[in-house]
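Participant: predicted model, plus sequence, below.
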Amino acid sequence: MAIQEHPDLILLDILMPMMDGWEMLEQLRGKDDWGKCVPVVVLTNLSADEDAQIKSIAELGPSFFMMKADWKIEGIMDKVLEILNAEKVPCP
């Protein structure tokens, strides 16, 4: 749906029913110029301390990684607005 609709930002969880969030992000980043550049906020309860999580973060480049337990909805909205209002960096 994201590839068809091209939202301005994607909130992405890692645990999803059909594929995990890292697989979705990998497909998104490999799709086209929009997919390579769209801001993605990973919002999950999985720890980023595990080696595989850190590797995925580095390789796939989400705009921000948020632990759900550490954020209230107001903070998430503030971060989303900050990303959407930031000066756009040219995409490769």
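Facilitator: Nice, I can see it. Values in this document were obtained by computation on a predicted structure and should not be read as measured data.

Participant: centroid residue for this protein?
Facilitator: A centroid search over the chain (Cα atoms, centre = their mean) returns Val40, at 2.7 Å, as the residue closest to the centre.

Participant: tell me the confidence at that residue?
Facilitator: Note on Val40: pLDDT of 90.

Participant: could you double-check that it lies in contact with Leu25?
Facilitator: Yes - contact criterion Cβ atoms under 8 Å: Val40 and Leu25 qualify, at 6.1 Å. No exception for glycine: its C-beta is placed from N, CA and C like everyone else's.

Participant: quick one on the thing from earlier: Ser63 versus the residue nearest to the centre of the chain, what's the distance?
Facilitator: Distance, Val40 to Ser63, using Cβ to Cβ, to the nearest Å: 6 Å.

Participant: Ile73 too?
Facilitator: For Ile73, the distance to Ser63 - Cβ to Cβ - is 18 Å.

Participant: more neighbours, the two?
Facilitator: Neighbour count, other Cβ atoms under 10 Å: between Ile73 and Ser63, Ser63 has more, with 16 against 7.

Participant: shaky segments in this protein?
Facilitator: Within the chain, the segments meeting pLDDT under 70 span 46-62, 89-92.

Participant: just the strands in it please.
Facilitator: 10-12, 40-44, 64-67 (DSSP state E).

Participant: looking at those, which is nearest to Met1?
Facilitator: strand 10-12 (10.1 Å; Cβ to Cβ).
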